[in-house]
Each structure stands twice: as C-alpha cells, then as structure tokens.
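S.K.: only geometry, no sequence info:
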C-alpha cells in the first residue's frame, strides 16, 4: 500500500477543496473521464460522508491497485447494509430473498468462504476449460448476426451484446435457451441492487425479482440433483450433495453468473464497438489485422471500462496518503479513472490497439479478481472480430446515444449502426 504523503497543496489543489463530485449529473453518465481527470489531479483521495458513514473515492491507478491487493480492505458489505436497512425500517424480512440471493456472490465474500466457493467453481472458468467453449461461442455469434444479415441497420446492444452472454451462461449451466429473454430481464433487475439511490419500493421490487429468480433456479438445481448432466449446474448440485456447498450458495452463484456476467460482457461489447466507431483508424486496423484481437480487447477494456467502480470496506484503521481511513468506512475504487491514469498509461485518452506496458484493471485485481474475466474477454473478442469480418463497413446510424444511469457499470441503452455486408 502506498505510504507516501502528498506534498503541500499548490494553489490549484487548494481551490480543489471546494470541488464537489456529483456522479448523478447527466454529463457524468455521458462522459465521466474529464471529471475523473480532475479528481486524479486535484483530489486523488476524495472524502465524502453518507448516512452510512465515512466514504472515500480513489482514482489513481497505483492507489486503486494497492487497495485491491491490501488484505486490510475487505469485500463490499452490501448484504450487511441491506440487512441493517430492513431492521431500521422495522421490517426484518423486507429484503430477505434479495439478501439471500446476493450474499453468496463472490465479491461480497472474504476468506474462508470466498476461497471455498471460488475453488469449487474455479476450474470451470479456467482458460483451458473455456477454450473448449470457443467454437460454440463462435456459432452463437454467427447465428445472432445471420439473423440480421440482410438488414441495413443493427442494434449492437439488443441484437448482439445482450443475447450473447445470456446464451453462453445458459449453455454453461444447462438452462433452456428459450428462457433467455426472462433470464436477461431478471439479470437486469437484480443488478440494480448496485444502483444508488434506491427507494424502499425499488428494494421491494428487487426482492420480488429475487423470489422469482430463486424459484426458477431451485427447480433446475433439483432436476440436476436427480439427473446430472455435463453442465455447471450439475457440478453445483453435486457439491451441494457432498456438503461442500449449501443450496442457497449454489442458487446465489447461478444468479451471480447470469446477472454479473450479463451486465459486464454486454457493456464491454457495446463500449468497445462505440470506441472503434469513434476511432475509424483503429477500426480499420483491426479489420485488416484480426490477429491484433488479443491486445485490442485489452485496450478496448481499458479505454472505456464496463466496470467503473468497485467498493471495499475498511476493516482496521489505515494510514493512506496522509489520511486515516477509519475502520468501518467504505472506499470506492474508480477502475475507469485508474485505467485512464497518465502515470500508468501514456496518452491515456488515445485508443491504441497495439498498446503495451502496464496491464489495465477493467475487472479488478487481488483475490476478488473477476472470476468470469476470461470468459468476458473471449466473448468480446469473438463478437467484435466476427462483426468486423462479416461487414465491409460499419458506422453509427444514430449519434444521439443514451447511457444507462448506473454508477457501478458504464453501458449504452442502444447502439444502432449502419452496415454494409461483404
């Protein structure tokens, strides 16, 4: 963890003390990077206060990565805060199903539970295992694009980016693909638990979604316990039967795979295609040199990260940049800002598909490094390469873009492109 103390404030830094970071402004959703730049430069350790207590915001690459790897910062305590909220409302069971569903999500767990759950499913998300899925993922992408092959326009979000991760997750778990629309709906709804602020009615709505999602997954898990198949759901059912995993943990993991895998992969594909459309030289470069796809996907994830912010809980008082981060406080780590830090990435606002050097952190780092990061990269790489190879030309069909109002993730509502088939 960095131990240096900031130098005496310059006049510009002194003026920054009146700077107020407001992530709810429309301009922040449209383009957060100028605001991140100001935070990195003027207030790299930004303090705020909420009804939940002391909160901090970090935007520099070195600081963000240090906290991600520091055992004094534990997993986000969202399930515990939800429980406290229900007790405060004198409705102890108000969000019971929601809490039960998200409590086993890996990024809310610390060792030993985190280690146990991750080890049980880790092999299924290894590079070797996922490479076996590559031909099937390619077939899914081919089929999705084939359905709109003769159309002159294509909505990347609705017709490629959204159905792809849902179909792949369904394939891995052995879920009927006909249920994909319902799974996407539940995934969108459940991920809103990260949105702020949410009303009491919002939380109750999420709880109802959790009840429906749980009932669906319970039925499938019970079927796999009776009749195992060659899928991830059967692996989870076997772990439950061997008492390595509780039934609730298995259900929660399935919900996490759909919800988190859906949102991150969908947004990474949409953000990447938009970045290429806005940098036609790089689009042409990748179209002419598909072998660049490995380095290209890393640069695209860095340039406009699908996961913008992750949270950590301070478990003991920590001295950081001359400040004391008190135990019980929360630290918000801006991955999107860190991935545009000029100290880590020269000319960070430039999209360069052949960039080398520092590794970006679009999916975090440390023990909570995203389990599905390899899969998300693979899906994005296949989707983007196939799109560029199947169409001779693509360009924006609608310049009026609408960004989703989510603080944790960055993604588009729609991305309509005009296409010229080969």
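M.R.: Nice, I can see it. Nothing here was measured: the structure is a model prediction, and the numbers come from that model.
S.K.: avg pLDDT for the strand or helix carrying residue 203?
M.R.: Residue 203 is located in helix 200-226, with elements delineated by DSSP states H and E. Per-residue pLDDT values over helix 200-226 give a mean of 92.
S.K.: And stretch 413-422, end to end?
M.R.: Here the two ends of stretch 413-422 are set 28 Å apart, with distance taken as CA to CA, to the nearest Å.
S.K.: for it, which positions count as buried?
M.R.: Using 16 or more other CB atoms under 10 Å as the test for burial, stretch 413-422 gives 415, 416, 417, 419. Every residue, glycine included, has its C-beta placed from N, CA and C.
S.K.: okay but the first one is in contact with residue 270, surely?
M.R.: If I follow you right, that is residue 415. Yes - in this structure, residue 415 is within contact of residue 270 by CB atoms under 8 Å, at 5.2 Å.
S.K.: Now the common contact residues for the two.
M.R.: 156, 157, 161 (CB atoms under 8 Å, 6 or more residues apart in numbering).
S.K.: What about the residues you listed, which one has the most neighbours?
M.R.: Using other CB atoms under 10 Å as the neighbour definition, the shared contacts of residue 415 and residue 270 reach their maximum at residue 161, which records 27 neighbours.
S.K.: in what helix or strand does the residue lying closest to that residue once chain neighbours are set aside lie?
M.R.: Closest residue to residue 161 apart from its sequence neighbours, by CB to CB, 6 or more residues apart in numbering: residue 269 at 4.0 Å. When secondary structure is defined by DSSP H and E, residue 269 falls within helix 247-277.
S.K.: With residue 55 instead?
M.R.: Here residue 55 is assigned to strand 53-58, by DSSP H and E.
S.K.: Now do that strand: everything it contacts.
M.R.: For strand 53-58, with CB under 8 Å, 6+ apart as the criterion, the contacting residues are 21, 39, 44-49, 64, 67, 325-326, 328-334, 338.
S.K.: measure the closest residue to residue 404 other than its chain neighbours to residue 166 for me?
M.R.: What sits nearest to residue 404 in space, not counting adjacent residues and going by CB to CB, 6+ apart, is residue 411, at 5.1 Å. Remark: distance between residue 411 and residue 166 (CB to CB, to the nearest Å) = 15 Å.
S.K.: What is the burial count for the residue lying closest to residue 198 once chain neighbours are set aside?
M.R.: Setting aside the residues directly before and after it, residue 198 is nearest to residue 192 in space (CB to CB, 6+ apart), at 7.2 Å. Using other CB under 10 Å, the number of residues around residue 192 comes to 15.
S.K.: part of a helix, is residue 192?
M.R.: Yes - counting by DSSP: H, G, I helix; E, B strand; the rest coil, residue 192 is located in a helix.
S.K.: State the pLDDT value of it.
M.R.: Note for residue 192: predicted pLDDT of 86.
S.K.: Also residue 8?
M.R.: pLDDT, the model's per-residue confidence, is 35 for residue 8.
S.K.: Strands of this protein, start to end?
M.R.: Applying DSSP state E to the chain gives strands spanning 45-50, 53-58, 73-74, 153-155, 309-314, 318-320, 323-325, 330-334, 391-396, 416-421.
S.K.: Partner strands of the fourth one and their direction?
M.R.: Partners of strand 153-155 in the sheet, by DSSP bridges, are strand 416-421 (antiparallel).
S.K.: tell me the mean pLDDT for the partner strand?
M.R.: Confidence over strand 416-421, taken as the mean pLDDT, stands at 90.
S.K.: Make 854 the starting number, not 1.
M.R.: Taking 854 as the first residue, the last one we looked at is strand 1269-1274.
S.K.: Identify the residues contacting it?
M.R.: Residues outside strand 1269-1274 that contact it (CB under 8 Å, 6+ apart): 1002-1009, 1126, 1130, 1243-1251.
S.K.: Mind giving me the ChimeraX command for buried ones among the residues you listed?
M.R.: Listed next is the ChimeraX selection for buried residues among those, using 16+ other CB under 10 Å:
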select :1007,1008,1009,1126,1130,1243,1244,1247
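S.K.: Give me the neighbour count for residue 893.
M.R.: The burial metric for residue 893, expressed as a neighbour count using other CB under 10 Å, is 23.
S.K.: and the closest residue to it other than its chain neighbours, what does it touch?
M.R.: Ranked by CB to CB, 6+ apart and with sequence neighbours excluded, the top spatial neighbour of residue 893 is residue 912, at 4.5 Å. Neighbour list for residue 912: 889, 892, 893, 897, 899, 1187, 1190, 1191, 1194 [criterion: CB under 8 Å, 6+ apart].
S.K.: With pLDDT and distance to residue 1117 as added columns, please give those residues in JSON lines.
M.R.: As requested, these are exported to JSON lines (pLDDT from 0 to 100; distance: CB to CB, whole Å):
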{"residue": "889", "pLDDT": "96", "distance to residue 1117": "19"}
{"residue": "892", "pLDDT": "95", "distance to residue 1117": "23"}
{"residue": "893", "pLDDT": "95", "distance to residue 1117": "23"}
{"residue": "897", "pLDDT": "94", "distance to residue 1117": "26"}
{"residue": "899", "pLDDT": "94", "distance to residue 1117": "25"}
{"residue": "1187", "pLDDT": "97", "distance to residue 1117": "16"}
{"residue": "1190", "pLDDT": "97", "distance to residue 1117": "18"}
{"residue": "1191", "pLDDT": "98", "distance to residue 1117": "17"}
{"residue": "1194", "pLDDT": "98", "distance to residue 1117": "21"}
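S.K.: Restricted to helices, list those.
M.R.: Residues of these located in helices (DSSP state H): 889, 892, 893, 1190, 1191.
S.K.: still on that earlier bit, now the helix holding residue 1056: buried residues?
M.R.: Within helix 1053-1079, the residues that qualify as buried by neighbour count (16+ other CB under 10 Å) are 1056, 1059-1060, 1062-1063, 1066-1067, 1069-1070, 1073-1074, 1077-1078.
S.K.: The closest residue to residue 1105 other than its chain neighbours: neighbour count?
M.R.: Once flanking residues are discounted, residue 1105 sits nearest to residue 957: 3.2 Å by CB to CB, 6+ apart. The local packing of residue 957 (other CB under 10 Å) involves 23 other residues.
S.K.: And for the one 5 residues further on?
M.R.: By other CB under 10 Å, the residues close to residue 962 number 23.
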